[in-house]
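Engineer: return a 3D structure for these sequence lines:
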Amino acid sequence: MPAKGADSRVVLITGVSRYLGGKLAALLAADSSIERIIGVDVVPPRQDVGRTEFVRADIRNPIIAKVIASAHVDTVVHMSVIATPFGAGGRTAMKEINVIGTMQLLAACQKAPSLRKLVVKSTTAVYGSSSRDPALFVEGMEPKAQFRSGYGKDSIEVEGYVRGLGRRRPDVDVTLLRFANLIGPRIDTPLTRYFALPVVPAVFGFDPRVQFVHEDDAIEVLRRAVVENHRGTFNVAGDGVLLLSQAIRRAGRVSVPVPSPAVSLVGSVFRRAGLVDFSPEQVQFLEFGRGVDTTRLREDFGYNARFRTIEAFDDFVTGRGLTRYVDPQRLASAEQIVLSSVERRRVHA
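Structural biologist: This is a model prediction of the structure:
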């Protein structure tokens, strides 16, 4: 096994045509200590990935094993788990890509004698969202509510298969990175599209805590996981949280309360219109929110996120040049005046 901190020689990245995969490939391509980088996806990358060699392949196909074996790949970065059913062609296709694809990839990894490192991009969605959640989830905690389907369930299954490989191949350094919702001036996600809507629906009676990780922090954590040795599972997020109402105000948007039973209907309308691809667990996230503890990221992994949650969100708003329909400062001042008036009336009564 390479010594701690040793650079990888041949790196394979799945999902290289997506934004994060392409950015990571370009960053690693600039590292002269890495001899070869292979990017795998079903479509060619649209962004510049430097000297990365692109291989058009579906990880559900056994051909992935030939690629890993013939190139003597020693590091695999798995970034092909999809969060949105609409973008994948439906829930069935999404599950096949996420679960069956991961199984096929890990089977190839298990047979590869050259493999020394596996880095997997996972998600804090594995913790779920419910009214019984703790203030902050730590890596060893289980979700308080059971998943029936969706991205969270797929990610739990993927992590289970990854841990299984770690047990069968103890010589392989396995790093699981659970990312909070990614945000920034360039990345495109259902949540960035949600906050860009001129009128933002929110679940009536709920004001959940939301936590973000800036795209630049996410890419740097992935890079370090490749070029350094960090065995284990790590939550990746910016410090602090925002209330959903605060985030909507900071984006200068108008919030429209929607009764809980109608939220799924609203999500379906937005999905059919091509505005936001809301999955059921994302709707639940807008009710209960989620926060994670990042102590292990700081102390064991050795990384302090450059952007706190509020800074990451503000950089998203500024970088996208969002038109502020409502001045958040004036709205906050108006709210404070109303609250102070109510409090004075209560004391007087």
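Engineer: low-confidence ranges in the chain?
Structural biologist: Judged against pLDDT under 70, the low-scoring parts of the chain cover residues 1-8, 85-90, 267, 269-275, 277-279, 324-349.
Engineer: if we use 90, what do you get?
Structural biologist: Along the chain, the parts satisfying pLDDT under 90 run over 1-8, 81-97, 144-153, 190, 198-199, 201-203, 256, 258-286, 321-349.
Engineer: can you show me the strands along it?
Structural biologist: Along the chain, counting by DSSP state E, strands occupy 10-14, 36-41, 53-56, 75-78, 117-123, 173-179, 181-183, 199-203, 209-210, 212-214, 232-236, 242-243, 254-258.
Engineer: neighbouring strands - and their directions - for the last one?
Structural biologist: Just to be clear, that refers to strand 254-258. Strand 254-258 pairs in its sheet with strand 199-203 (parallel), by DSSP bridges.
Engineer: and the partner strand, what's buried?
Structural biologist: For strand 199-203, the neighbour count (16 or more other CB atoms under 10 Å) marks 200, 201, 202, 203 as buried. Where C-beta positions appear, they are placed from N, C-alpha and C, glycine not excepted.
Engineer: look up the closest residue to the first one, ignoring the ones flanking it.
Structural biologist: Taking CB to CB, 6 or more residues apart in numbering, and ignoring the residues beside it in sequence, residue 200 has residue 253 as its nearest neighbour in space, at 4.6 Å.
Engineer: ditto for residue 168
Structural biologist: By the measure of CB to CB, 6+ apart, the closest residue to residue 168 outside its immediate chain neighbours is residue 110, 6.0 Å from it.
Engineer: my guess is the one you found meets residue 169, correct?
Structural biologist: Yes. Counting by CB atoms under 8 Å, residue 110 sits close enough to residue 169 to count as a contact (6.0 Å).
Engineer: which one of these two is surrounded by more residues?
Structural biologist: residue 169 (19 against 14; other CB atoms under 10 Å).
Engineer: picking that back up, how about the strands of the chain in a markdown table, adding distance to residue 287?
Structural biologist: Shown next, in a markdown table, are those (distance: least, CB to CB, whole Å):
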| stretch | distance to residue 287 |
| --- | --- |
| strand 10-14 | 32 |
| strand 36-41 | 34 |
| strand 53-56 | 40 |
| strand 75-78 | 30 |
| strand 117-123 | 18 |
| strand 173-179 | 21 |
| strand 181-183 | 15 |
| strand 199-203 | 5 |
| strand 209-210 | 11 |
| strand 212-214 | 18 |
| strand 232-236 | 21 |
| strand 242-243 | 13 |
| strand 254-258 | 11 |
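Engineer: of all these, which one comes closest to residue 309?
Structural biologist: Among these, the nearest to residue 309 by CB to CB is strand 212-214 (4.9 Å).
Engineer: sheet-wise, list the partners of that closest one with their directions.
Structural biologist: strand 181-183 (parallel).
Engineer: what sits up against the strand it pairs with?
Structural biologist: The contact list for strand 181-183 (CB atoms under 8 Å, 6 or more residues apart in numbering) reads 20, 124, 189, 191-192, 210-215, 218, 312-313, 316.
Engineer: could you find the closest non-adjacent residue to residue 196?
Structural biologist: Among residues not flanking residue 196 along the chain, residue 322 sits closest, at 6.2 Å (CB to CB, 6+ apart).
Engineer: with adjacent residues omitted, what lies nearest to the residue nearest the centre of the chain?
Structural biologist: By CA atoms, centre = their mean, the mean C-alpha position of the chain lies nearest to residue 179, the distance being 4.4 Å. Leaving out its chain neighbours, the residue that sits closest to residue 179 by CB to CB, 6+ apart is residue 236, at 4.8 Å.
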